[in-house]
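In: Quick one: sequence and predicted model below, then my questions.
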Amino acid sequence: MAFIDTIAPAEASGDVLAMYQRQQASWGFVPNYAKVFSLRPEVLARWGNLLAEIRRPMDARRFELITFAAAHELRNSACSLAHGKALTPFFSAEEVGVMAKGGEVPGLTAAEGAMIAFSRKVARDASAVTEADAEALRAHGLTDAEIFDVAATAAGRAFFTKLLDALGVLPDAPMAGVPPVLRAAVDFGRPIDTAMPDQVIAPQ
């Protein structure tokens, strides 16, 4: 579902079909967000390249912590659910839920807490970020390059979530399988789609 007409997977050809097939290879289905890019598949390709470069210097745990914090602050249900789930190899679903509400989580380092706070501030109002905020990250051992990485991750998530929300993209139906305690922490944004994902596209 979206606010704009999109190209159905069964009707796709050329660059759109190739884009759907790549997305399906990652997810096992064609996700809702990919469909709104069917009108401009080159934009998703360039976003994918940018995102890959943004996350390249970071390990998965750091990337997912920063991304989840930004998505949650931006009140985007799809990315909050997806990246909250992606944190469960590192934290329990209960801990991710506590983290979402701003509570203390055992095993979360002081540096990670500072990165989460910085990421949320960038997402909420980047113009309110001060040099003192960057200095707080340095105090936890982050280099200037790493501070750039945190800011770029949070800012990039703002682009993606605002685009999807502006076009009415719903979280995919499989997100209903996210643990209830994590779903409860994402009590905002658009509801999970009730329609099952589109049929798998056979490779060509």
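Out: Structure's in. What do you need? Numbers count the residues shown, from 1 in each chain.
In: hey, which helix is longest across the chain?
Out: Secondary structure of the chain read by DSSP state H shows that its longest helix is helix 144-166.
In: Mind listing what's buried along it?
Out: Neighbour-count burial for helix 144-166 flags 146-147, 149-154, 156-158, 160-161, 164-165 (criterion: 16 or more other C-beta atoms under 10 Å). Backbone N, C-alpha and C define where each C-beta goes, glycine included.
In: any idea which helix or strand comes after that helix?
Out: Next helix or strand after helix 144-166 toward the C-terminus (DSSP states H and E): helix 180-185.
In: residues making contact with that following helix?
Out: Residues from elsewhere that reach helix 180-185 (C-beta atoms under 8 Å, 6 or more residues apart in numbering): 72, 80-81, 84-85, 88, 93-94, 96-97, 100-101, 176.
In: Export that helix to PDB, keeping only CA atoms.
Out: Taking Å, rounded to 0.1, in the frame of the first residue of the first chain, the C-alpha atoms of helix 180-185 are listed here in PDB:
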ATOM      1  CA  PRO A 180       5.500  -8.400  21.200                       C
ATOM      2  CA  VAL A 181       7.600  -6.500  23.600                       C
ATOM      3  CA  LEU A 182       9.500  -4.900  20.800                       C
ATOM      4  CA  ARG A 183       6.300  -4.100  18.900                       C
ATOM      5  CA  ALA A 184       4.900  -2.500  22.000                       C
ATOM      6  CA  ALA A 185       7.900  -0.100  22.000                       C
END
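In: tell me how far it is from the chain's mean position?
Out: Distance of helix 180-185 from the chain centroid (C-alpha atoms, centre = their mean, to the nearest Å) equals 16 Å.
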